[in-house]
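Novice: any chance you can model this:
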Amino acid sequence: MAESEPIRVLLVDDHQVVRRGLRTFLEIQADIAVVGEAANGAEAVRCAEELAPEVILMDVKMPGVDGIEALQELRSRGNRARVLVVTSFTEQRTVVPALRAGAAGYVYKDVDPEALADAIRSVHAGHVLLQPEVADALLADDEGPGGGRGAVLTDREREVLGLLADGRSNREIARSLVLSEKTVKTHVSNILMKLDLADRTQAALWAVRHGVTG
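Specialist: Sure thing, here's the model as predicted:
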């Protein structure tokens, strides 16, 4: 059986020493390959188009185009890379806007290296990284995409949405509900269409905000 290809990662941070440290650690991971670096959001968008990373590790605060603007641009271009935002505890207020802009989750700048590698693997697998304090911030915010349209979802769609919000991949949802992955993908597509949401991350945020759990 052939080994799977390593996860392609793009590093985005305006501090070269930070990028160098991240690269040094990640390059010793057998299942992760750093394919490029960028020093700001504009470079990140350009590199994402050229290098086709699967996961982007992106700082929020950068000169010029910041991380949130870069996220918005990546989404407008239909780029499918999963973005893991890097932030500090004092920048928590930036996390919710980043998630709304399409980030798949976030890690703190002082994250343990092994935990960082696990976070990259997790978002690559389709999971959404939401920590309790961010969930609380989302629940305190009544506004946002999707509005009060939960009533239009079928019971099965609500089951799928609840599991998605728990960070399950399509494969895990299929196994849990005894469905095919193709059927789960169809349910997810219908959920996004009915709630007028852009992606799985927004769907997970909607579910947390409206109390839909697996």
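
Novice: quick one: Arg20 from Val111, how far?
Specialist: Remark: distance between Arg20 and Val111 (C-beta to C-beta, to the nearest Å) = 17 Å. (C-beta placed from N, C-alpha, C; glycine too.)

Novice: could you do Asp155 as well?
Specialist: 38 Å.

Novice: neighbour count for those two, which is higher?
Specialist: With neighbours defined as other C-beta atoms under 10 Å, Asp155 and Val111 compare such that Val111 has more, 14 against 7.

Novice: apart from its neighbours in sequence, what residue is nearest the more buried one?
Specialist: Nearest residue to Val111, sequence neighbours excluded (C-beta to C-beta, 6 or more residues apart in numbering): Ala119, at 7.3 Å.

Novice: then Val152?
Specialist: Lys194 (5.0 Å).

Novice: now do the SS call for the one you found.
Specialist: helix (DSSP: H, G, I helix; E, B strand; the rest coil).

Novice: okay, it: pLDDT?
Specialist: The per-residue pLDDT reported for Lys194 equals 83.

Novice: the one 5 residues further on now?
Specialist: pLDDT, the model's per-residue confidence, is 83 for Asp199.

Novice: count of residues packed around it?
Specialist: The burial count for Asp199: 15, using other C-beta under 10 Å.

Novice: ok, it to Lys61 distance?
Specialist: 23 Å.

Novice: how distant is the helix or strand harbouring Leu116 from the center of its chain?
Specialist: Leu116 belongs to helix 113-124 when assigned by DSSP states H and E. Helix 113-124 sits 12 Å away from the centroid of its parent chain (C-alpha atoms, centre = their mean, to the nearest Å).

Novice: do the same with stretch 118-133
Specialist: Here the centre of stretch 118-133 is set off from its chain's centre by 7 Å, with C-alpha atoms, centre = their mean.

Novice: domain assignment for this structure?
Specialist: The chain breaks down by the TED database into domains covering 7-139, 155-210.

Novice: and the last one, how far apart are its ends?
Specialist: Read that as domain 155-210. The first residue of domain 155-210 is 15 Å away from its last residue (C-alpha to C-alpha, to the nearest Å).

Novice: kindly report the same for stretch 88-99.
Specialist: 15 Å.

Novice: likewise stretch 95-105?
Specialist: Start and end residues of stretch 95-105 are separated by 8 Å (C-alpha to C-alpha).
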